[in-house]
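> Generate a structure from the sequence data that follows.
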Amino acid sequence: QVQLVESGGGLVQAGGSLRLSCAASGRTFNTYAMGWFRQAPGKEREFVAAISMSGYTYYADSVKGRFTISRDNAKNTVYLQMNSLKPEDTAVYYCAARKYYYSEFGNQYDYWGQGTQVTVSS
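As a prediction, this is how the structure comes out:
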């Protein structure tokens, strides 16, 4: 069982930055690929970024070049650095864990956090 707790969300102006964190419980964090997803009001959940066990990263086209996913296995934590934020980035952001292999498909992830709200004002 893995528990995930996100933090770092908030209100920011367009063009600003935020860093989200996702702390995981357990001693097997380094055997999980981690992903970030988001869901805006009235929209379906969408993939944002993922990182493999070894640190390979993968991004949605909409955030490529602006967002950076990283992980610190010693701290059981995955991060999402978000720069040049746009109003369309407003959403609840969720982190998720999948055993061994990363994916852009949310239904392939095993564990989810409760989400953290990110609001970008214009």
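
> all strands in this protein, in order from the N-terminus.
When assigned using DSSP state E, the strands of the chain occupy the ranges 4-7, 10-13, 18-24, 32-39, 46-51, 57-59, 67-72, 77-82, 91-99, 111-112, 116-121.

> count of neighbours near residue 25?
Number of residues near residue 25 (other Cβ atoms under 10 Å) recorded here: 13. Using the backbone N, CA and C atoms, a C-beta is placed for each residue, glycine as well.

> and the strands of the chain, which is most packed in?
By mean neighbour count, with neighbours taken as mean count of other Cβ atoms under 10 Å, strand 32-39 ranks first of those at a mean of 24.

> Excluding chain neighbours, what is closest to the residue nearest the centre of the chain?
Closest residue to the average C-alpha location of the chain: residue 36 at 2.5 Å, with Cα atoms, centre = their mean. With sequence-adjacent residues excluded and distances taken as Cβ to Cβ, 6 or more residues apart in numbering, residue 36 is closest to residue 48, at 4.3 Å.
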